[in-house]
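Enquirer: please find the sequence and the predicted model below.
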Amino acid sequence: MFSALIHNARLITLAGPDEPRRGDAMRSLSPIDRGYIAVDDEGRIAQVEPGDPPGEVQAPHVIDAQGRVVLPAFVDCHTHACWAGERYDEFEQRLAGASYLDILKSGGGIMATVRAVRHTSEDELLELLRIRTGRMIALGTGACEIKSGYGLDTDTELKMLRAIDRLRRESPLRIKATFLGAHALDPDQPDFIERTINETLPAVAREFPGITCDAYCEEGAWSLEETRRLFEAALAHDLPLRVHADQFNALGMTSLAVEMNAISVDHLEATSPKDLEMLARSDTFGVALPCSGFQLDDRYAPARAFLDAGGALAIASNYNPGSAPTPSLPFTIALACRKLKLSVAEAFTATTHNAACLLGIQDEVGSIQPDRRANLQMWDFTDERELPYEFATPGPLWTMLNGRIAHERRSTQT
């Protein structure tokens, strides 16, 4: 007796080795044209097989997929979903011609959200997180990373991380937190860099040992040398590294990130061909965030060249209130196919297995294999290529997290 049985489904399993996929392996989805999944009482996948389940496979919850596509739930490996306030005025400023960096330098952008978060309680942040991650689940996401970074002082950064941790303990989502105290420069703190490195970072490392440390290295934000100092301090606290780099300007952070064994370099819109090839040959992931290009300036990471050079690629929504206000990985995938020149299979791999590898949770999520969590999604079509082809759709028919349906909508098929 199993807890759930899904049968008569087209299964896009992405089954295979646990290491990050590159080259031809990015296009290997390991599909089962017609098969079944049995889920055990602990919410893990017990069986994945072609054909019909044998008679002894029984479950109280049986789903006949009727030939529809079942995918692993998406893994969103780069989000800023913990925030308060809104930035509608800035959206209208950009429509009128203002640039993202101009708004940031004038005290808007990230700093506008920082001011709102500082005046929001931990409980209120948690409730906003519940709402936003609910939207993510409804669009097929089963695991995600959530960054701090809208605090920029010790108390508020810790407040954000505590809210994220409370959500992690209550939500069916698999959540990984990231410390992004180096998200911008606070003009009201003349000693901001020193305080972040010598006060906030150690406080975060004490309360959240092993948390990943991130930074935004860009003109008007953290310089290359400031980021180096932060990262050296983070490594002294045994914290792994990620970095936002080359979004608007290439400052040399990509090569430094590889030198310092960072997990990933995220953005890459302005990365030089030389640095891109160097990144592709390394163990550091490249993360493309195409929703930022869609929202801001129609500039996109050279993901096709990165893949062709053998790089380990992940793609994420970058869900945030300024440059990527969307919880939708289906839309992100649609952009990746059109703007990053990825195949459908490559885009799926970049938002499931590879994204899980980046977060270090590939033994739990990102593929449909025995002993993985039953984090699944079923769509209202029989050919997986429809997902990026028909963009801005309502999302999957259901999202299953840990063996239980976490979101469901009615089929439009008659």
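Expert: Yes, it's here.

Enquirer: contact partners for Ala301?
Expert: Applying Cβ atoms under 8 Å, 6 or more residues apart in numbering to Ala301 gives the contacts His267, Leu268, Glu269, Thr271, Gly286, Ala288, Leu289, Pro290, Gly293, Leu340. C-beta coordinates here come from the backbone N, C-alpha and C atoms, glycine included.

Enquirer: and the first one, how far from Asp165?
Expert: Spelled out, it's His267. Noted for His267: a distance of 26 Å to Asp165, by Cβ to Cβ, to the nearest Å.

Enquirer: more neighbours, the two?
Expert: Higher neighbour count among His267 and Asp165: His267, with 28 against 17, using other Cβ atoms under 10 Å.

Enquirer: from what I can see that one touches Cys291, true?
Expert: No: His267 lies out of contact with Cys291 (Cβ atoms under 8 Å); the separation is 11.6 Å.

Enquirer: closest one to Glu19 out of the contacts of Ala301, please.
Expert: Within those, the smallest distance to Glu19 is 15.8 Å, found for Gly286 (Cβ to Cβ).

Enquirer: which of the three states applies to the closest one?
Expert: strand (DSSP: H, G, I helix; E, B strand; the rest coil).

Enquirer: so what's it bridging to?
Expert: Per DSSP bridges, the residues bridged to Gly286 are Val265, Leu313.

Enquirer: which residues does it contact?
Expert: Gly286 is in contact with 264-265, 268, 276, 279-280, 301, 303, 306, 311-314, counting by Cβ under 8 Å, 6+ apart.

Enquirer: out of those, who's nearest Tyr36?
Expert: Each of the contacts of Gly286 was checked against Tyr36 using Cβ to Cβ; the closest is Ala314, at 29.3 Å.

Enquirer: that closest one touches Ala355, doesn't it?
Expert: Yes: the criterion here is Cβ under 8 Å, and Ala314 meets it with Ala355 at 4.5 Å.

Enquirer: now list whatever residues contact both of the two.
Expert: Cys77.

Enquirer: between these two, which one's more packed in?
Expert: More neighbours surround Ala355 than the other of Ala314 and Ala355, with 30 against 27 (other Cβ under 10 Å).

Enquirer: now the helices for the stretch 301-414 of the chain?
Expert: Under the criterion DSSP state H, counting those that start in this stretch, helices of the stretch 301-414 of the chain are mapped to 303-308, 329-339, 344-350, 353-359, 386-389.

Enquirer: remind me what the longest one packs against, helices and strands.
Expert: This means helix 329-339. Contacts defined by 3 or more Cβ pairs under 8 Å, 6 or more residues apart in numbering; DSSP states H and E place helix 329-339 against helix 290-295, strand 313-315, helix 344-350, helix 386-389.

Enquirer: one more time with 10 Å, if that's ok
Expert: strand 74-76, strand 141-147, strand 285-288, helix 290-295, helix 303-308, strand 313-315, helix 344-350, helix 386-389 (3 or more Cβ pairs under 10 Å, 6 or more residues apart in numbering; DSSP states H and E).

Enquirer: in this structure, where is pLDDT below threshold?
Expert: Within the chain, the stretches with pLDDT under 70 are 412-414.

Enquirer: domain assignment for it?
Expert: 4-72+367-408, 75-359 (automatic domain parsing).

Enquirer: point out the most buried one among those domains.
Expert: Ranked by mean neighbour count, the domains of the chain are led by domain 75-359 with a mean of 21 (mean count of other Cβ atoms under 10 Å).

Enquirer: end-to-end on that one?
Expert: 9 Å (Cα to Cα, to the nearest Å).

Enquirer: strands of the stretch 51-200 of the chain, start to end?
Expert: 61-64, 69-72, 74-76, 141-147, 174-182 (DSSP state E, counting those that start in this stretch).

Enquirer: any idea how far the last one is from the chain center?
Expert: The chain centre lies 11 Å from the centre of strand 174-182; the measure is Cα atoms, centre = their mean, to the nearest Å.

Enquirer: dump the strands of the stretch 51-200 of the chain to JSON lines, plus distance to Ala406.
Expert: Below are the strands of the stretch 51-200 of the chain laid out as JSON lines (distance: least, Cβ to Cβ, whole Å):
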{"stretch": "strand 61-64", "distance to Ala406": "13"}
{"stretch": "strand 69-72", "distance to Ala406": "14"}
{"stretch": "strand 74-76", "distance to Ala406": "13"}
{"stretch": "strand 141-147", "distance to Ala406": "8"}
{"stretch": "strand 174-182", "distance to Ala406": "12"}
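
Enquirer: just to revisit the earlier point, identify the farthest-apart pair in the contacts of Gly286.
Expert: Leu276 and Ala314 (15.1 Å).

Enquirer: hang on, the earlier thing: export the contacts of Ala301 to CSV and tack on distance to Gly151?
Expert: Putting these into CSV (distance: Cβ to Cβ, whole Å) gives the following:
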residue, distance to Gly151
His267, 21
Leu268, 26
Glu269, 26
Thr271, 29
Gly286, 28
Ala288, 27
Leu289, 22
Pro290, 27
Gly293, 27
Leu340, 32
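
Enquirer: for the helices of the stretch 301-414 of the chain, which one sits closest to Ala9?
Expert: helix 386-389 (14.9 Å).
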